[in-house]
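**Q** Give me a model of this one.
(one chain, ligands or ions: 2)
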Amino acid sequence: MVMQAIPSAADLEQAVMQALREITVGEDGPDLVKAGHVAAVAATGGAVRVLIDPRHVGPDAGEALAEMLQQVVGGLPGVERVVVKPRPQPVTPILEHGPGAVLAVHSGKGGVGKSTISTNLAVALAHGAAGRPLKVGLLDADVYGPSAPHLLGISARAETTQDGSRIAPVEAHGIKVMSLGFMMPHGKALAWRGSLVDEGVPPLITEVDWGDLDILVVDLPPGTSDVHLALAHAVPIAGVLSVTAPGQISTDDVRRGLEMFADIAVPCLGLVENMSTVTCESCGSETPLFGSDGVQQLERETGLPFLARFPFMREVLLASEGGKPVVLAHPEHRFSRAISELARTVATDLVPASAMETKGGAQCPFH
Ligand SMILES: Nc1ncnc2c1ncn2[C@@H]1O[C@H](COP(=O)(O)OP(=O)(O)OP(=O)(O)O)[C@@H](O)[C@H]1O
Ligand SMILES: [Mg+2]
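**A** Ligands and ions are numbered 1, 2, ... in the order given. Alright, predicted model coming up:
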């Protein structure tokens, strides 16, 4: 059997551009690239994203162009999937700068460990995991089911600052925390929708006395909700971490979330896999809970790096349920060491050179 070589992303992009240069606008107009109809082409694995420029494509021509691009690009060797989209339109947030670099933690599905990872990451960053203690805030933006109070063992209620002008975040485990859970009766969920989200999310940044932070970790609700967009409209998001669990991997869900951020030009730093394996307590061997095909597929389809992988560990469950961050309860635990490593990667990507050496963040493949 003759194996077909998989083209590199650069080769694929070049082949797509070449094909598009052979298609003219009208009978003898300029080609699609020269005419500015296609703004960019990005390949990741076999997935090709073609960004069209709505300024040059008439409002009625967009659909026909997208259909034609699907056909032409989809027929090229090595192309497995084609996404045709308008080029990203960055949003202009209410605040030009956040209280610190905003890191959004999101997932396609619920219950994959976003809140556990967000809280432990925030605490680890504050306790020097990235080389020196950073000033860290944690915003529990899961307005539908806030969990930071439970995971951090906080029973305090939100208070105003001394002059009564702003909301004071609760300080716990070395970080400043804000959660709607500090304002709601215990165990109650909110039915937040549309305009309530648009009006309710920005104050969690603008009305809270965060002070000067190095980094604000934002724990988002799962999926692609109004909260994500409301956050992006409130403050510039410096980067996104996408958390997945193999058993719940739906590559479509993860991709939808990443594409939503890509559409508003928010970069993603990479993927975090949680609850991938379970460790045998007597022999220490690792058993994959659900196989690893989904993970590989996700890596291939998104082209994003996996920045961390966390096994399912009883200590994590018990510490979280007990309201103590694992990184403090078991600082030498494997989970805590992996969180520290993730903290270093994130801080190196997002925290400016005044706090530590910087390196360029991984570019979102959808841009
Ligand atoms: N690596 C792990 N090992 C063991 N238990 C874990 C691990 N990660 C998370 N958990 C547990 O799984 C449950 C769900 O985690 P968590 O609340 O962090 O998920 P989530 O993605 O924030 O959920 P939601 O989408 O509902 O907000 C919690 O009970 C948590 O303690
Ligand atoms: Mg959560």
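
**Q** Assumed Gly137 was part of a strand.
**A** Yes: assessed with DSSP: H, G, I helix; E, B strand; the rest coil, Gly137 lies in a strand.

**Q** and it, what is it in contact with?
**A** Neighbour list for Gly137: 99-100, 122, 169, 175-178, 210, 213, 215-217 [criterion: C-beta atoms under 8 Å, 6 or more residues apart in numbering]. For the C-beta atoms, the positions are set from N, CA and C on the backbone; glycine is no exception.

**Q** Could you list which of those belong to strands?
**A** Ile175, Lys176, Val177, Met178, Ile215, Leu216, Val217 (DSSP state E).

**Q** before we move on, the earlier item: between the contacts of Gly137, which has the most around it?
**A** Using other C-beta atoms under 10 Å as the neighbour test, the contacts of Gly137 are led by Ala122, with 33 neighbours.

**Q** Tell me who's in contact with that residue.
**A** Val136, Gly137, Leu138, Ile175, Ile215, Val217.

**Q** 6 Å instead?
**A** Residues in contact with Ala122 (C-beta atoms under 6 Å, 6 or more residues apart in numbering) are Val136, Leu138, Ile175, Val217.

**Q** Look up the pLDDT of the first one for me, please.
**A** In this model, Val136 is scored at 98, pLDDT.

**Q** go on, the last one?
**A** pLDDT, Val217: 98.

**Q** change the start of the numbering to 10 and stick with it
**A** Yes, from this point I'll number from 10; that puts the last item at Val226.

**Q** With adjacent residues omitted, what lies nearest to it?
**A** Distance criterion C-beta to C-beta, 6 or more residues apart in numbering; nearest residue to Val226, sequence neighbours excluded, is Ala131 at 4.4 Å.

**Q** pLDDT at the one you found, what is it?
**A** 98.

**Q** what do you get for Ala167?
**A** On the pLDDT scale, Ala167 gets 84.

**Q** mind checking how far it is from ligand 2?
**A** Taking C-beta to the ion, to the nearest Å as the measure, Ala167 falls 19 Å from ligand 2.

**Q** quick one: the residue nearest the centre of the chain and ligand 1, what's the gap?
**A** For the chain, the residue nearest the mean C-alpha position is Val249 (2.9 Å; C-alpha atoms, centre = their mean). Distance of Val249 to ligand 1, given as C-beta to the nearest ligand atom, to the nearest Å: 14 Å.

**Q** Same question for Leu225.
**A** Leu225 is 17 Å from ligand 1, by C-beta to the nearest ligand atom.

**Q** Report the beta-bridge partner residues of that residue.
**A** Val111, Gly146 (DSSP bridges).

**Q** Would you confirm that it contacts Val111?
**A** Yes: with contact defined as C-beta atoms under 6 Å, Leu225 reaches Val111; the gap is 5.0 Å.

**Q** can I have stretch 285-294 written out in CSV, keeping just the CAs?
**A** Below are the C-alpha coordinates for stretch 285-294, written out as CSV (Å, rounded to 0.1, in the frame of the first residue of the first chain):
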residue,chain,number,x,y,z
SER,A,285,-7.5,11.5,31.4
THR,A,286,-6.3,8.5,33.4
VAL,A,287,-6.9,6.9,36.7
THR,A,288,-4.0,5.8,38.9
CYS,A,289,-4.0,2.5,40.6
GLU,A,290,-3.5,3.2,44.4
SER,A,291,-1.5,0.0,45.0
CYS,A,292,0.8,-0.3,42.0
GLY,A,293,0.7,3.3,40.7
SER,A,294,-0.1,2.3,37.1
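
**Q** Go through that stretch and flag the buried ones.
**A** Along stretch 285-294, these residues count as buried under the neighbour rule (16 or more other C-beta atoms under 10 Å): Ser285, Thr286.

**Q** hang on, the earlier thing: next, give me the two most distant ones among the ones in strands among the contacts of Gly146.
**A** Met187 and Ile224 (14.3 Å; C-beta to C-beta).

**Q** does Glu310 count as helix, strand or coil?
**A** Strictly by three-state DSSP, Glu310 counts as helix.

**Q** List the buried residues of stretch 160-171.
**A** Buried-residue list, stretch 160-171, by 16+ other C-beta under 10 Å: Leu160, Leu161, Ile163, Ala167.

**Q** And the contacts of it?
**A** Ser124, Thr128, Ile176, Ala177, Val179, Ala181, Phe191, Met192, Asp218, Ser329, Gly332, Lys333.

**Q** Of these, which are in range of ligand 2?
**A** Of the residues in those, proximity to ligand 2 by C-beta under 5 Å from the ion holds for Ser124.

**Q** Which residue in the contacts of stretch 160-171 has the weakest pLDDT?
**A** Met192 (81).

**Q** gap between that one and ligand 2?
**A** Counting by C-beta to the ion, the gap from Met192 to ligand 2 is 17 Å.

**Q** go on, Ala247?
**A** 21 Å.
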